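K.L.:
Here you go, sequence then predicted model.
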Protein chains: 2
Amino acid sequence: MNEKKTVNVGLIGFGTVGQGVVKILDRNLPLLESKFGGQLRLTWVCDKYSAPLRRAGVHRPRFTRRWEDVVRDPSVDVVVELIGGYEPARTIVLSALRSGKHVATANKALLAKYWSEVFETTRKTKSLIYFEASVGAGIPIIQSINEGLAANRIQAIYGILNGTTNYILTRMTQDGLDFAKALKEAQREGFAEADPSFDIEGTDAAHKVSVLASLASGTWVHLDDVHRQGIGNLDVWDVLFAQERLGYVTKLLGIIRFQDRLMEARVHPALIPSAHPFASVNREYNAVYVYGDAAGDIMFYGKGAGQMTAASAVVSDILFLARQIVSGTAGKIPYVSFHPSQRMKISPLSRSVCRHYLRFMTDDKPGVLSKITGILGQKGVSIEAVYQSFGSDRFSSRLPALSGRSGVPIVIVTHKAMHGAVQRALEKIDRLPVVRRKTIHLRIEEL
Amino acid sequence: MNEKKTVNVGLIGFGTVGQGVVKILDRNLPLLESKFGGQLRLTWVCDKYSAPLRRAGVHRPRFTRRWEDVVRDPSVDVVVELIGGYEPARTIVLSALRSGKHVATANKALLAKYWSEVFETTRKTKSLIYFEASVGAGIPIIQSINEGLAANRIQAIYGILNGTTNYILTRMTQDGLDFAKALKEAQREGFAEADPSFDIEGTDAAHKVSVLASLASGTWVHLDDVHRQGIGNLDVWDVLFAQERLGYVTKLLGIIRFQDRLMEARVHPALIPSAHPFASVNREYNAVYVYGDAAGDIMFYGKGAGQMTAASAVVSDILFLARQIVSGTAGKIPYVSFHPSQRMKISPLSRSVCRHYLRFMTDDKPGVLSKITGILGQKGVSIEAVYQSFGSDRFSSRLPALSGRSGVPIVIVTHKAMHGAVQRALEKIDRLPVVRRKTIHLRIEEL
């Protein structure tokens, strides 16, 4: 058994989160060391773009622009990968694992795309990769699903997993901003990137769904298997109408549901009841709701974005690794077990059942409603409620004029119906001459 | 290194939770075994009161009424202690640890009273005790504070930690039941014991505060150091008045706050803003809010009581232990480190600052208010708002008549003031001839 008292950490990627890691080490080092009974040393900082460093906080790491320097240094025990994206992150992580080093990473893109390769490698090399920061930043959701709820067969996971989109939706809901204005606010406040498409289109949330679904199922749910729809097409009119008239709040949800041997795995905007705890998860906060067959429903809630909260998860991972390294047990217990190369069978969205919110823009003349409801009926979609003839006096003052208004709105809420049946009806309805534009279609998720 | 493939579990205490543990093992055994790569066998069930068992689910454990049979059996790897209370639980747990066995327990009373003795023993024997079920049942809060948030200096923990009292308060708040009726409902629904004093008086919550505070501080916060006040004296009038007029919800809170080298540790009913996530934690649900210096505020939420949710935590603990046992690493890494014999210095409640809700019952004549406010002013307590002359017409219809009404109510909300100053003022006020009964005093916690 190779016991050692000093754990050497090499940090690759010295951006926002990397600098947060150094801040925590600075601030709490004696406390952290007392938690694992050894010494922690930051021995390398690698960054391609930052100015060369002589010191990082109180630490005096060596600085390099070449990640190979870190991964090839035999004295490094833990490689912290914080550059994100697919490459060179994948090569760095695999090289580190193959050199017998352990890895802490926040990289959900890497895990979503290379889950199988990464965990097959750890199995062979008996090295460990921890990735708490990859989902929900500082919220300890990875460990909780993997360990704290290990007794359970996980039946469902719902999440508000992306801080940027949740911030935008919060501003739309609470302040009545349209999407473009809310996005600008998010950018101004540092909650959205200059190019926000990765968040807006649901890709970031889909990465996280892939990680959570893989972890919960013990198989591999590839990113491509996660149905993905973003919030870029949302109209604030629907957000406010749903809230004020129907009692629903609009959220971008990650949904994982196990049924028999199939799994639903998807990301899309959805209406949720305003009494649900998720409805009050606002701004950059994330929340994950896990339904286990024994524990019931457990919710986790916290800041889903930010330097220090992500760094909290990374440093906690470093500490687990350090504790195992100093006690000579690192790698003897795999962190993620199961079958990382087995692909999960995904149930298509079209077969998923829920209530639906439909907003049609139609000519303002008699007979339109009967045509629409007729087609819905033909496809087996039955109607719970119809809202039309919205005189401005009958509207709450918060409800905005429909942007680029053409025609009059009709809102229909359906009873539970198969998603595919609704889509087939809408294809037909949207070809009616009296229908002016593509119908808005949002799922109502009761969670 | 002593690697083994089969982990033998002895269960002591076959009540509600013990039977839940067997249900989970029955239902999920192959899944659970795949998670740690070995076999799990229930080899003993010990219970003093249950009928002798030939089988427990699909398992065929040996049955005994003497716990010594389990603890002395050298083939037993993990002892699960589910009898609760101080003795013989303490003797069982210490004997098991000293025999080199590992322990999983749900027993917060034991931990609150014997924290130091238990963890000093594990340090010597290199055996492990896991106790996830001791707080928040299935919510993985123990592991999260201990590991998932390890990077943080914990600055505060707030919790709704007792399902019975939260159920009662929910019924008082939502249905306007008085305390006695709400308690009866709780008993009828199985959320309160026949003798509910342990829950009602805040003792159970105080045990949990002791466990969380000890864990978060790395020292020992003894039960006797936790200030404790129950909900037995709450009047539904104040609960409803605070909700409808002031926008506050009444909850029994566990509060842990670190300041400099002192800690606040207490349990008492408090008014919290109705927009706070805790305000919607209802019925038997628990929630714990952890504030870390890096992660920020993280909330955990789930059922705090119930057979299966508590058993979920116990079985997850068994799995951690099993995983370490089969890989030969069990006991090499202490689960709780730090200084279990060092006592934490507690800051007295009297020095704690908050806003206060005061409800006086006074004679209905002029000059009373000026006497009361005069005394508050003398003690340095300044007033934010006064509510009096409640004509029944001005009340919401939900507000009940004050039970055993004697005199007229005056409600005062103070600005932030030291608890001790308010208490000193009330001692004097309650001796005024115009004051008819002991004044109701509730803290307003902004969290």
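P.N.:
That came in fine, so what should we check first?
K.L.:
doesn't residue A:11 make contact with residue A:18?
P.N.:
Yes: with contact defined as C-beta atoms under 8 Å, residue A:18 and residue A:11 form a contacting pair (5.6 Å). C-beta: built from backbone N, CA, C; applies to glycine.
K.L.:
Neighbour count: these two, which is higher?
P.N.:
More neighbours surround residue A:11 than the other of residue A:18 and residue A:11, with 29 against 26 (other C-beta atoms under 10 Å in any protein chain shown).
K.L.:
hey, what's the more buried one bridged with?
P.N.:
Applying DSSP bridges to residue A:11 gives these bridge partners: residue A:45, residue A:80.
K.L.:
Quick check: the nearest residue to residue A:55 once chain neighbours are set aside vs residue A:200, distance?
P.N.:
Closest residue to residue A:55 apart from its sequence neighbours, by C-beta to C-beta, 6 or more residues apart in numbering or on different chains: residue A:61 at 7.7 Å. Residue A:61 sits 36 Å away from residue A:200, taking C-beta to C-beta, to the nearest Å as the criterion.
K.L.:
picking up where we left off before, so what sits against both of residue A:18 and residue A:11?
P.N.:
Common contact partners of residue A:18 and residue A:11 (C-beta atoms under 8 Å, 6 or more residues apart in numbering or on different chains): A:45, A:80, A:82.
K.L.:
tell me which of those is nearest to residue A:440?
P.N.:
Comparing the shared contacts of residue A:18 and residue A:11 against residue A:440 with C-beta to C-beta places residue A:82 closest, at 39.2 Å.
K.L.:
what residues are up against that closest one?
P.N.:
Residues near residue A:82 by C-beta under 8 Å, 6+ apart: A:11-15, A:17-18, A:21, A:105-107, A:314.
K.L.:
okay, it: pLDDT?
P.N.:
Looking at residue A:82, its pLDDT reads 97.
K.L.:
again with residue A:403
P.N.:
On the pLDDT scale, residue A:403 gets 59.
K.L.:
Same question for residue A:183.
P.N.:
97.
K.L.:
go on, residue A:406?
P.N.:
Note on residue A:406: pLDDT of 74.
K.L.:
now residue A:306
P.N.:
Per-residue confidence (pLDDT) for residue A:306: 88.
K.L.:
Verify the contact between it and residue A:137 for me.
P.N.:
Yes: checked against C-beta under 8 Å, the pair residue A:306 and residue A:137 is within contact range at 6.6 Å.
K.L.:
shared neighbours, those two?
P.N.:
Common contacts of residue A:306 and residue A:137 (C-beta under 8 Å, 6+ apart): residue A:163.
K.L.:
Give me every residue in the stretch 301-447 of chain A that's in contact range of chain B.
P.N.:
Residues of the stretch 301-447 of chain A lying close to chain B by C-beta under 8 Å from any C-beta of the partner chain are A:301-303, A:306, A:308-309, A:311-316, A:318-320, A:323-324, A:327-329, A:332-334, A:337-338.
K.L.:
Could I have the PyMOL command that selects the buried members from those residues?
P.N.:
Provided next is the PyMOL selection string for whichever of those are buried by 16 or more other C-beta atoms under 10 Å in any protein chain shown:
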select buried, chain A and resi 301+302+303+306+308+309+311+312+313+314+315+316+318+319+320+323+324+327+328+329+332+333+334+337+338
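K.L.:
Which of the residues of the stretch 301-447 of chain A next to chain B fall within helices?
P.N.:
Within those, residues falling in helices by DSSP state H are A:308-309, A:311-316, A:318-320, A:323-324.
K.L.:
what about the helices in the stretch 251-400 of chain A?
P.N.:
Remark: helices assigned in the stretch 251-400 of chain A by DSSP state H, counting those that start in this stretch are A:307-326, A:368-378.
K.L.:
quick one: buried residues of the last one?
P.N.:
Applying a neighbour-count criterion of 16+ other C-beta under 10 Å, one finds A:368, A:371-373, A:375-376 buried in helix A:368-378.
K.L.:
Kindly present these as a markdown table, with separate columns for distance to residue A:238 and pLDDT.
P.N.:
Shown next, in a markdown table, are the buried residues of helix A:368-378 (distance: C-beta to C-beta, whole Å; pLDDT from 0 to 100):
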| residue | distance to residue A:238 | pLDDT |
| --- | --- | --- |
| A:368 | 19 | 94 |
| A:371 | 22 | 96 |
| A:372 | 17 | 97 |
| A:373 | 20 | 96 |
| A:375 | 21 | 98 |
| A:376 | 18 | 97 |
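K.L.:
Next, work out how far apart residue A:143 and residue B:320 are.
P.N.:
11 Å.
K.L.:
contacting residues around the spatially closest residue to residue A:109 that is not a sequence neighbour?
P.N.:
With C-beta to C-beta, 6+ apart as the criterion, residue A:109 has its nearest non-adjacent residue at 5.3 Å, and that residue is residue A:207. Applying C-beta under 8 Å, 6+ apart to residue A:207 gives the contacts A:108-109, A:111-112, A:134, A:223.
K.L.:
How about residue A:40?
P.N.:
With contact set as C-beta under 8 Å, 6+ apart, residue A:40 has these partners: A:6-7, A:9, A:25, A:29, A:32-33, A:318, A:322.
K.L.:
what's the closest of the residues you listed to chain B?
P.N.:
Checking the contacts of residue A:40 against chain B by C-beta to the nearest C-beta gives residue A:32 as the nearest, at 6.8 Å.
K.L.:
ok, now which ones touch the closest one?
P.N.:
By C-beta under 8 Å, 6+ apart, the contact set of residue A:32 is A:24-25, A:40, A:315, A:319, B:150-151.
K.L.:
a markdown table for those, including distance to residue B:91 and pLDDT?
P.N.:
Converted to a markdown table, the contacts of residue A:32 look like this (distance: C-beta to C-beta, whole Å; pLDDT from 0 to 100):
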| residue | distance to residue B:91 | pLDDT |
| --- | --- | --- |
| A:24 | 42 | 96 |
| A:25 | 43 | 95 |
| A:40 | 39 | 95 |
| A:315 | 40 | 97 |
| A:319 | 34 | 95 |
| B:150 | 32 | 93 |
| B:151 | 37 | 95 |
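K.L.:
Check those and tell me the two furthest apart.
P.N.:
Greatest spatial distance among those (C-beta to C-beta): A:25 and B:150, at 12.7 Å.
K.L.:
So for those two, which residues contact both of them?
P.N.:
Any residue near both residue A:25 and residue B:150 by C-beta under 8 Å, 6+ apart counts here, and that gives A:32, A:315.
K.L.:
any residue of stretch A:150-165 up close to chain B?
P.N.:
Yes: if you take C-beta under 8 Å from any C-beta as the test, stretch A:150-165 does meet chain B, through A:150-153.
K.L.:
I'd like a version of these in CSV, one that adds secondary structure, neighbour count and distance to residue A:240 as further columns.
P.N.:
Shown next, in CSV, are the residues of stretch A:150-165 next to chain B (DSSP: H, G, I helix; E, B strand; the rest coil; neighbours: other C-beta atoms under 10 Å in any protein chain shown; distance: C-beta to C-beta, whole Å):
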residue, secondary structure, neighbour count, distance to residue A:240
A:150, coil, 25, 42
A:151, coil, 29, 43
A:152, coil, 28, 38
A:153, coil, 16, 39
